[in-house]
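1. Let's see this in three dimensions:
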Amino acid sequence: MKHITRPFTRCTLLIVAVLILFSCENSGDPREKTRRALGEPDDIIQNDYASFKSELWVYARSDINRVYEFSQSSTGCGGSGEWYLNRQYYADYHFGYTLYDPPPVITHTPVEKAPPGVPLTIEAQVTLNKKAKTDKVVKRVNIQYCDRADTLTTFIVMSITDEEAHIYTGEIPGEDVTENGLEYYLEATSDGSHWSRLPKAGFYVVEALADTLSAVSKANHTDTTRLFTDDAALPEPDTYSGRTSPVSP
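-> I've put the predicted structure just below:
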């Protein structure tokens, strides 16, 4: 019996092209691009079957309402196993998520430099999202910050200082503003569970003012001559250590 080979149709070629696109294309990690554009997801569902991996990033918000399915290509497509966006769903219709109103909108001009040892005032405008479907109030606004030489963050609750203009203010203590500089971001919520963040990823960086560093160092250095008002009262140097002996009672 004679075997008949059918030529590829346009539909077949299209299917092959789509499979190649989703399995082997490397255009950067789309998960990080999504995080930068939309912020942190409400939920990440991970699936791992043998060599196949996927992640469902859930944004169950009334202004987004999406679940993004990211898959990882097999290592046979170049050996690196790139991530790609496979498909997307409605969070409420396909997965039954209850949609929540988007969190407040934060508007802020970053502080770029600050003198060490001086309390740093942070100011921001925080308003309810225009896409929110229910009437709410801004429940809380925080500053999350840390020394640039550390990774442990500390938070300060900001207070409203101008209700008409929706201005919130917080003060980072001077003892936390060091010569290393600091990093910070702002967050706000209207329901206590879902937060907006500015910047959406990373931190704002505050550098120490260079012209204040020497002054701060001098201020932190104790001048022993200030302990005595009479030169004659200064103790004799200790012959053993070469250092100034303590004052006798």
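
2. where along the chain do the strands fall?
-> Taking DSSP state E as the criterion, the chain carries its strands at 43-49, 52-59, 66-72, 83-89, 105-107, 113-114, 120-127, 140-147, 154-157, 159-162, 167-172, 182-189, 195-198, 204-208.

3. Show me which residues of the last one are buried.
-> Applying a neighbour-count criterion of 16 or more other Cβ atoms under 10 Å, the buried positions in strand 204-208 are 204, 206, 208. The way it works is simple: take the backbone N, C-alpha and C, and place the C-beta from them, glycine included.

4. Likewise for the fifth one?
-> The neighbour-count check on strand 105-107 (16+ other Cβ under 10 Å) flags 105-106 as buried.

5. on contacts alone, who are the packing partners of that strand?
-> strand 120-127, strand 182-189, strand 195-198 (3 or more Cβ pairs under 8 Å, 6 or more residues apart in numbering; DSSP states H and E).

6. I'd like to check what contacts the second one. Which residues are they?
-> For strand 182-189, contacts defined as Cβ atoms under 8 Å, 6 or more residues apart in numbering pick out 103-104, 106, 108, 114, 120, 122, 124, 126, 138-148, 158, 172, 176, 195-199, 202-206.

7. ok, of those residues, which come out buried?
-> Buried, going by 16+ other Cβ under 10 Å: 103-104, 106, 108, 114, 120, 122, 124, 126, 138, 140-143, 145-148, 158, 172, 176, 195-198, 203-204, 206, out of these.

8. correct me, but residue 43 touches residue 58?
-> Yes: counting by Cβ atoms under 8 Å, residue 43 does reach residue 58; the two are 4.0 Å apart.

9. These two: which is more packed in?
-> More neighbours surround residue 58 than the other of residue 43 and residue 58, with 18 against 13 (other Cβ atoms under 10 Å).

10. how's the protein carved up into domains?
-> 19-95, 105-216 (automatic domain parsing).

11. okay if I get those as JSON lines plus mean pLDDT?
-> Formatted as JSON lines, the domains of the chain follow (pLDDT from 0 to 100):
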{"stretch": "domain 19-95", "mean pLDDT": "82"}
{"stretch": "domain 105-216", "mean pLDDT": "91"}
